[in-house]
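**Student:** quick one: sequence plus predicted model below, questions after.
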Amino acid sequence: MANNNNPVDQTNIFSMFDIHDEYAEQKKREEEERKKKAEEAQKQLAEARKTTTTNSSSSSKTAKKEEYNLNLETQVFFYTQQSPITDYFSVEEITNGLERKDTDTGEISYKKIDESEVKKRLKKSYPVMDAGAMVVFVEKKNMLSIILQGKKKGNCLEEPDTTGSSSPFMRIPFPILQEFIAISKKLSDDLGIEVHGDVYFHPNDGSFSLDIPKQLANPVWVVVTEQPEISALKAIENHWVKVMEIHSHHTMQPFPSQQDNESERGPLLYAIVGNIQKFFPDITVRTFDMTNQKHIVLNAWKIFENPFSMSQIKHDLTVVEVVK
């Protein structure tokens, strides 16, 4: 079991399940550099609180949807980790805006920090930005939350690559999978549709939970429609670490479709439950190697707890004689 007193970020989700993550060392080096910059930024922040007065931006005062109301107190939240916005923007940029110089007139203007600029600055520290991660500004928390929200999934008859494996340090409790199978079977039996779920790890107590977000579903695809702000608040308020996206192919094979391949490209575990009409449905589990841009199929029983463990056996097995 991982040490629950330590913060869990998206990269060491892989170490929780002993899945090799090739950019983990690079991330570690960048984190050490980030901490050095953070110490200097905190000094600037303390000075800015004494001397900085509110400055109105000389750019357009009309707020745009992609603009964030950032200030010197804003925090960047990525699962259980927080860092100050001053790690990524200078005090001057936060208070005055981003400097822009007109190439023709030489006139200086200032642009309010927006979503595109935030993503650009965060990209180096958080490679998940390349996997389509979203950055949501939760104003009432004064936080920028980086989230990986489930994308559209759909089924087909493609055969998966089965070359990968995993030897975990911990496993997702079987009741989580059992609950999702029960939900999948009911929706398949009643409506003939797929369903999407998210599995979260809780670092504070080492537990896991299943969440069913708001979504649209039909017999061949499912897409999450939950507002990003709601997903961000869930992560912030519950200290959730998203470790898996799981969806059903109801009565069809659990082979990843082309749609699944396009959507499942983040540093997460991805599971599909299929042939839900069988007494024991079929399941596939995989992850995505962002360095090599390749899906890796994993042994499901090395990700989920085995419900048929030795501890459940009550009988004396010495009565069974081996005949060769």
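**Tutor:** Thanks, I have it.
**Student:** does residue 171 touch residue 305 like I think?
**Tutor:** Yes. In this structure, residue 171 is within contact of residue 305 by C-beta atoms under 8 Å, at 4.5 Å. All C-beta spots, glycine's among them, are computed from the backbone N, C-alpha and C.
**Student:** now stretch 104-115: buried residues?
**Tutor:** Neighbour-count burial for stretch 104-115 flags 110, 111, 112, 113, 115 (criterion: 16 or more other C-beta atoms under 10 Å).
**Student:** take these and keep only those in helices.
**Tutor:** When DSSP state H defines the helices, the subset of the buried residues of stretch 104-115 inside them is residue 115.
**Student:** quick check, nearest of the buried residues of stretch 104-115 to residue 85?
**Tutor:** Distance to residue 85 across these (C-beta to C-beta) is lowest for residue 113, with 8.8 Å.
**Student:** residue closest to the middle of the chain?
**Tutor:** Note on the chain: the residue nearest the mean C-alpha position is residue 148, at 3.8 Å, using C-alpha atoms, centre = their mean.
**Student:** any idea how far residue 266 is from that residue?
**Tutor:** Distance, residue 148 to residue 266, by C-beta to C-beta, to the nearest Å: 5 Å.
**Student:** parallel or antiparallel, which strands does the host helix or strand of residue 287 pair with?
**Tutor:** For residue 287, the host element (DSSP states H and E) is strand 282-289. Strand 282-289 pairs in its sheet with strand 269-274 (antiparallel), strand 294-298 (antiparallel), by DSSP bridges.
**Student:** can you list the domain ranges for the protein.
**Tutor:** If you go by automatic domain parsing, the domain ranges for the chain are 13-147, 153-306.
**Student:** ranking the ones you listed by mean pLDDT, which is last?
**Tutor:** For these, the bottom mean pLDDT is recorded on domain 13-147, which sits at a mean of 71.
**Student:** which residues of the stretch 151-300 of the chain fall in strands?
**Tutor:** 153-154, 196-202, 207-211, 215-217, 221-224, 241-248, 269-274, 282-289, 294-298 (DSSP state E, counting those that start in this stretch).
**Student:** redo those strands as JSON lines? Include mean neighbour count and distance to residue 92.
**Tutor:** Output for those, formatted as JSON lines (neighbours: other C-beta atoms under 10 Å; distance: least, C-beta to C-beta, whole Å):
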{"stretch": "strand 153-154", "mean neighbour count": "24", "distance to residue 92": "44"}
{"stretch": "strand 196-202", "mean neighbour count": "23", "distance to residue 92": "38"}
{"stretch": "strand 207-211", "mean neighbour count": "16", "distance to residue 92": "40"}
{"stretch": "strand 215-217", "mean neighbour count": "17", "distance to residue 92": "43"}
{"stretch": "strand 221-224", "mean neighbour count": "20", "distance to residue 92": "38"}
{"stretch": "strand 241-248", "mean neighbour count": "25", "distance to residue 92": "34"}
{"stretch": "strand 269-274", "mean neighbour count": "25", "distance to residue 92": "42"}
{"stretch": "strand 282-289", "mean neighbour count": "21", "distance to residue 92": "38"}
{"stretch": "strand 294-298", "mean neighbour count": "18", "distance to residue 92": "42"}
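**Student:** okay if I get those strands as TSV plus distance to residue 177?
**Tutor:** Formatted as TSV, the strands of the stretch 151-300 of the chain follow (distance: least, C-beta to C-beta, whole Å):
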stretch	distance to residue 177
strand 153-154	17
strand 196-202	9
strand 207-211	9
strand 215-217	19
strand 221-224	18
strand 241-248	8
strand 269-274	8
strand 282-289	7
strand 294-298	14
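**Student:** which one of those strands lies closest to residue 75?
**Tutor:** Closest to residue 75 of the strands of the stretch 151-300 of the chain is strand 241-248 (C-beta to C-beta; 17.1 Å).
**Student:** got the CA positions of that closest one in PDB?
**Tutor:** Coordinates of each C-alpha in strand 241-248 appear next as PDB, following Å, rounded to 0.1, in the frame of the first residue of the first chain:
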ATOM      1  CA  VAL A 241      -7.200  11.200  -7.500                       C
ATOM      2  CA  LYS A 242      -8.700   9.900 -10.700                       C
ATOM      3  CA  VAL A 243      -7.000   6.600 -11.500                       C
ATOM      4  CA  MET A 244      -9.400   4.900 -14.000                       C
ATOM      5  CA  GLU A 245     -12.100   5.500 -16.600                       C
ATOM      6  CA  ILE A 246     -14.400   2.500 -17.100                       C
ATOM      7  CA  HIS A 247     -17.200   2.100 -19.600                       C
ATOM      8  CA  SER A 248     -19.400  -0.800 -20.800                       C
END
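**Student:** now find how far off-centre that strand is within its chain.
**Tutor:** Centroid separation between strand 241-248 and its chain, computed with C-alpha atoms, centre = their mean, to the nearest Å, is 9 Å.
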